[in-house]
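Undergrad: could you work out the structure for the sequence below:
(chains A and B)
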Amino acid sequence: MYDEGRSGLGMWVLAGLLILAICGVGIFGAMKMNRLEHAAGWVAEAQDITLTATEPKEENGSDYYQLDLTLVNNSSRDIEAASYMFNACPQRGDEYAVQVWDHWEEGETIDARPCVPSGRSAQVRLVLEVEPGELESDTLELILDPYGESPIPLGTVQLP
Amino acid sequence: MKQQNDLGYDMDYNGPAGENWVPAGFEEPQPAPRHHRWVPVILCAVLLVALLVECGVVALAVRAKRQANAIYVGQAETVEAAAGEPFAFGPLDRQVTVQSAEDMGWAEGLSQENKLVRVACRIDRQADYSSGWDAETYLECDGQFYAAAGPYLLEEQYPELAMRALEGYDFSDQSMNEGWVYFVVPKEAQQGTFWLHELHRNEDYETESVHAVGVAVEFAQGGGEDVR
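TA: Residues are numbered from 1 along each chain as shown, chains lettered A, B, ... in the order given. Model (predicted):
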């Protein structure tokens, strides 16, 4: 009698959790769709990706590489060639071992605004900051708009 | 002989009529009818199926929305024009003249690696109005494109420059305009191509196609005194 009662109660609790899960998925879906309503959808392709070692930008033990690529932008919006629009992560190892270095000087209020306009192809030049000890792979995967709603892979590149 | 407790009550007393008597409110729970025990199980199964269906619907809707957002814009049709000569721009062939370009050098508020340049433009008055399109300006130097530093970017540091700074809207409205389009570029840049983009929008204000006019410019020294 006691076991049957406990089992029945467990099923009611499970039913309650399932109702919560249904509500959660519904809310998550509605929020995601709302964010996508104003998000950019990218149609872009990277060509001629090269990586060359460059002089250290800061004395912090990291290696620095200049990333050059030709970006073909077939999206309806411009793609800013800024650190927050690109990401490079190793295929294995710490995903934060590689960062797109962000150049900024004290007192700088107006920065250059490199971009790839909608419907154009242009050179994109970025600097990667690599922590060699955290890498388990020399192959880096390039991602466009990694923190946005619709990130897209641009291809891979080997560390020299 | 009947057993009695300390208070003298009969230990075998089973109620007035001899049945198993229990005080009110302390009835033993009766087992649920067998068919009622399946109710929570069936409910859980239904909810589980509903959850799985909802996950699938949400995933498909997100995927469809992402695909709908990704509007394909073909590579722009480009035309070249010469500095100092008027050319037709926009759906109504508005007359625009790129007059000159100036190197303003380094200025307060810029990185040491950059400098300010500007391109002088004259935009004739447009009698008719055409909707469904916009204009944007870019400067191409050494294969890289730079978006213009419009009045809103300039006004805090250089309010005097912002007053005559042109932006994309000035090329697509109807008023006559004459002024400068400003760009921040690497200090090594000595020449470039000034691009005027004509963006055709759909009803959701998304760009569908692009036409571009490019004018090769060289940055003449001068104008630096305006920012020093």
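Undergrad: residues near whichever residue of chain B sits closest to chain A, how many?
TA: Closest to chain A within chain B is B:N69: 2.8 Å, counting by CB to the nearest CB. Backbone N, C-alpha and C define where each C-beta goes, glycine included. If you count neighbours by other CB atoms under 10 Å in any protein chain shown, B:N69 ends up with 22.
Undergrad: quick one: residues contacting it.
TA: A:L36, A:A39, A:A40, A:G41, A:S150 (CB atoms under 8 Å, 6 or more residues apart in numbering or on different chains).
Undergrad: of those residues, closest to B:A101?
TA: Taking CB to CB as the measure, A:A40 is the one of the contacts of B:N69 closest to B:A101, at 31.2 Å.
Undergrad: just the element for the closest one, please.
TA: Element membership for A:A40, per DSSP states H and E: none, as it lies in no helix or strand.
Undergrad: what ranges does chain B have for its strands?
TA: Ranges of strands within chain B are B:77-81, B:87-89, B:94-105, B:114-123, B:133-141, B:144-147, B:177-186, B:191-201, B:207-218, B:220-221, based on DSSP state E.
Undergrad: now do chain A
TA: Under the criterion DSSP E, chain A contains strands at A:44-54, A:63-73, A:79-80, A:86-90, A:98-100, A:114-116, A:121-130, A:139-144, A:152-158.
Undergrad: output those as a markdown table; include the columns distance to chain B.
TA: As requested, the strands of chain A are exported to a markdown table (distance: least, CB to the nearest CB, whole Å):
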| stretch | distance to chain B |
| --- | --- |
| strand A:44-54 | 10 |
| strand A:63-73 | 8 |
| strand A:79-80 | 8 |
| strand A:86-90 | 14 |
| strand A:98-100 | 16 |
| strand A:114-116 | 5 |
| strand A:121-130 | 4 |
| strand A:139-144 | 12 |
| strand A:152-158 | 9 |
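Undergrad: among the ones you listed, which is the most enclosed?
TA: Mean neighbours per residue, mean count of other CB atoms under 10 Å in any protein chain shown, is largest over these for strand A:114-116, with a mean of 24.
Undergrad: what lines up beside that strand in the sheet?
TA: When sheet partners are counted by DSSP bridges, strand A:114-116 sits next to strand A:79-80 (antiparallel), strand B:144-147 (antiparallel).
Undergrad: what mean pLDDT does the first one have?
TA: Right, the one you point to is strand A:79-80. Average pLDDT, strand A:79-80: 95.
Undergrad: sorry, back to before: farthest-apart pair in the contacts of B:N69, please.
TA: A:L36 and A:A40 (9.9 Å).
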